[in-house]
Every structure is written in C-alpha cells, then in structure tokens.
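Visitor: Pasted the sequence and its predicted model underneath.
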Amino acid sequence: LAKTTQPISMDSYEGQEVNITCSHNNIATNDYITWYQQFPSQGPRFIIQGYKTKVTNEVASLFIPADRKSSTLSLPRVSLSDTAVYYCLVGDTGRRALTFGSGTRLQVQP
Amino acid sequence: AAGVIQSPRHLIKEKRETATLKCYPIPRHDTVYWYQQGPGQDPQFLISFYEKMQSDKGSIPDRFSAQQFSDYHSELNMSSLELGDSALYFCASSGSQGANTEAFFGQGTRLTVV
C-alpha cells in the first residue's frame, strides 16, 4: 500500500496560487493519484485525479512528474472558502480501500 | 443529482449500547466504504463492500460489523459502545474501478457515546 507524505499545514492569502506537494515513493504502476478536500464536519470531496503528466479541471491542476513519485496539487487564486484540509490518496490497485494519510491544512487569509 | 445518503445524521447512545448506521449509495455504484473520523483526526478506513460482498477491511473493531444488502444500501452495526467510539462516521460510494476512481462521500453520522 503506497504511503503518502504531505506538509502538515500551509498558509496563503486570497488571490495567490497554492501548490501542495505529496510524496508517494512506492506508488504502483496501475495506481492513480487522487486529491480530496475536506471542510470541518463534512465528508471529503473529490477535487482531481491523474495518472501522469498534467491534469486540469475547473478548480485545480495536478502535476505528476515522469517518475510519479510525487504529485503537486495547484489551486489558482485561492479564496477564503478554500480553507480546508487537502488529502492526497494513491489508489491501491486491486483493493477497495481509500486510505487517507495526514492531510495538509490550508489556511487562507484575507 | 442523487448523492450518498446517511442516516441518522446525529445519534446519541450510552456506553455499552448498540448503534446502527445506514448508508444509501449513489444509484449504480457498486462499492461502499465506511470511515471513522475522530475529533481532529484524519478519516480512518473501516471496511468496504463490492457487489454486496465484503471487499477490504481496515481498522474496524471486532465490536463492529457491516453488511451490504441486495438494494446496495449498507449498514454499520456497532455494539458494546465505548466513549472512544464517539466520532463522525462517513460512508462513500464509487463505481467499479475501486480505489482508482472518484468516491462520493455522504454528510456523515455524528455518533456521541455518553
């Protein structure tokens, strides 16, 4: 089971771009990388998923280098409402167990 | 669009009592996950089901059991409740690609054991 490592916390200001990097040195060939966002007392919410290179959707971008041992979630122009915990998950192919590690607590200041 | 429905939203039980949490996945989703999240902690995987069969087990105590029914809804049964069982319990559902696909989480059931 691939383990992930993220910074415990990050601070930013409104309007800035935020990049959160996740390490997953033991990622398996078939594993995807998925990021979730969680607000207090709410269930985690899917942000973005990728396998390699770059993926972009309406809320974020995900950068994955060729060796896939890390990934970076990029949030453009954050707002106060982006204050949340962000989790990087690596799908364990063949299992149905989304394992949450220690997420990154992002605090956006005005 | 239909989301994952959990009931009840709040539950208060006394020590040593039993609790049953229910989860109704998104239609046509065949995988259900259960998570426990204590105050200030990260979600902990408990158990999952695929096509009504238990798929994977995480840190689920022996006092807990779960099953998925023919209509795909799932129930988490918790017996001999302890104070430490007080937590948010989330259910999630996903399509057939398991851990490599997007999972949708419910709003959770807040269990308080007194």
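Guide: On my side now, so go ahead.
Visitor: can you give me the strands for the chain?
Guide: Reading this off chain A. Along chain A, counting by DSSP state E, strands occupy A:9-13, A:18-23, A:33-38, A:45-50, A:53-56, A:61-64, A:70-75, A:84-90, A:104-109.
Visitor: let's do chain B instead
Guide: Remark: strands assigned in chain B by DSSP E are B:5-7, B:10-13, B:19-24, B:31-37, B:44-50, B:53-57, B:64-68, B:74-78, B:87-94, B:103-105, B:109-113.
Visitor: what about the residue of chain B found nearest chain A, neighbour count?
Guide: The minimum distance from chain B to chain A, using Cβ to the nearest Cβ, falls at B:F105 (3.0 Å). All C-beta spots, glycine's among them, are computed from the backbone N, C-alpha and C. Residue neighbour count, defined by other Cβ atoms under 10 Å in any protein chain shown, stands at 24 for B:F105.
Visitor: Report the contact partners of the residue nearest to the spatial centre of chain B.
Guide: Central residue of chain B (Cα atoms, centre = their mean): B:W34, 3.2 Å from the mean position. Counting by Cβ atoms under 8 Å, 6 or more residues apart in numbering or on different chains, B:W34 touches B:C23, B:F45, B:L46, B:I47, B:S48, B:I60, B:A66, B:S74, B:L76, B:Y89, B:F90, B:C91.
Visitor: Alongside chain A, which residues does chain B contribute?
Guide: Of all the residues in chain B, those in contact range of chain A (Cβ under 8 Å from any Cβ of the partner chain) are B:4, B:31, B:33, B:35, B:42-45, B:48-50, B:55-56, B:58, B:88, B:90, B:92, B:94, B:98-108, B:110.
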